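Asks: below are the sequence and a predicted model; questions follow.
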2 protein chains.
Amino acid sequence: MKLDSAGLQILSRHECVALLGSVPIGRIVFTDRALPAVQPVNFVLDAERLVIRTAVGSKLAAAAQDAIVAFEADEFDPGTRTGWSVTVVGSARAVREPEEIEYLAGLPLHAWAPGSRDHYIVVGTEHVTGRRLSSVDVG
Amino acid sequence: MKLDSAGLQILSRHECVALLGSVPIGRIVFTDRALPAVQPVNFVLDAERLVIRTAVGSKLAAAAQDAIVAFEADEFDPGTRTGWSVTVVGSARAVREPEEIEYLAGLPLHAWAPGSRDHYIVVGTEHVTGRRLSSVDVG
């Protein structure tokens, strides 16, 4: 078990990808008018890419066009003070090809929010890091 | 009930601050070597400021010195596909005055992660926005 300088367990790429596939919601981090911005999104993992569905014309759609974004998913249990967090940093790409949109529309990715959300953003997971907090510290 | 362009309920400042006070963990968003970065943190709300405890010398401590950061907390229920998200954008300030550190050390803010975490960062909540997802859409 490898620990980082903060005493957290460093997760392998394999573990990170498996954890990303286990939750329906993450948070995408981007820049909005030169300020840091963060927004929860539904996502699905497809061939080790993150697939995010949003509305055409949304802030996220505008900001994530061929930009470097971060994406974070986590689960924490306040009872045991344990949990994990996985962060992806990668290029976001707006999907424009009709064939690719048709393919992505067939994925099990159902937006929780109301309204039409037919704009797809994909983010590569080349750079993925994760930590697990398994010890209890009442610091 | 005010809705945004995506059909989500817009929360008032009062609701946002109350929700922030109801959870122990949020995610701080900052810039690390010109790339977007995001890290879960324990926090506590004190006099409408976010108080975050981290390790001296951590990436977060270095990055959040007098920088504009974003902070997000949320809760979602996959069963009902409902939840809320609150985002703060504000100046982060590293606390250096011994009197203020002593005061902050008395707050009910207990780091979950192991190791010494005696560095405090405070973030003002002047700019807080929040959304609630209460409808169900199986789109």
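Replies: Thanks, I have the structure now.
Asks: what sits closest to A:E75 if chain neighbours are left out?
Replies: A:G83 (5.4 Å; Cβ to Cβ, 6 or more residues apart in numbering or on different chains). All C-beta spots, glycine's among them, are computed from the backbone N, C-alpha and C.
Asks: quickly find the element holding that neighbour.
Replies: Using DSSP states H and E, A:G83 sits within strand A:82-94.
Asks: for chain A, what are the low-confidence residue spans?
Replies: Where chain A drops to pLDDT under 70, the residues are A:135-139.
Asks: show me where it has helices.
Replies: Assigned by DSSP state H, chain A shows helices spanning A:13-20, A:59-63, A:98-105.
Asks: how near is the most centrally placed residue in chain A to A:I52?
Replies: For chain A, A:F71 is the residue whose C-alpha lies nearest the centre (Cα atoms, centre = their mean; 3.8 Å). According to Cβ to Cβ, to the nearest Å, A:F71 and A:I52 sit 8 Å apart.
Asks: which residue ranges of chain A form strands?
Replies: Using DSSP state E, the strands of chain A run over A:9-10, A:25-32, A:35-46, A:49-54, A:68-77, A:82-94, A:119-124, A:127-133.
Asks: can I get the helices of chain A in a markdown table including distance to A:L3 and mean neighbour count?
Replies: Shown next, in a markdown table, are those (distance: least, Cβ to Cβ, whole Å; neighbours: other Cβ atoms under 10 Å in any protein chain shown):
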| stretch | distance to A:L3 | mean neighbour count |
| --- | --- | --- |
| helix A:13-20 | 14 | 17 |
| helix A:59-63 | 35 | 18 |
| helix A:98-105 | 38 | 12 |
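Asks: chain B: which of these is closest?
Replies: Closest to chain B of the helices of chain A, according to Cβ to the nearest Cβ: helix A:59-63, at 9.5 Å.
Asks: how much space separates the closest residue to A:I10 other than its chain neighbours from A:S12?
Replies: Closest residue in space to A:I10, ignoring its immediate chain neighbours: A:K2 at 4.4 Å, by Cβ to Cβ, 6+ apart. Distance from A:K2 to A:S12, counting by Cβ to Cβ: 9 Å.
Asks: contact partners for the nearest residue to A:H119 once chain neighbours are set aside?
Replies: Excluding the flanking residues, the one nearest A:H119 by Cβ to Cβ, 6+ apart is A:V56, at 4.6 Å. Counting by Cβ atoms under 8 Å, 6 or more residues apart in numbering or on different chains, A:V56 touches A:S116, A:D118, A:H119.
Asks: again, but for A:K59
Replies: Contacts of A:K59 (Cβ under 8 Å, 6+ apart): A:D32, A:A37, A:Q39.
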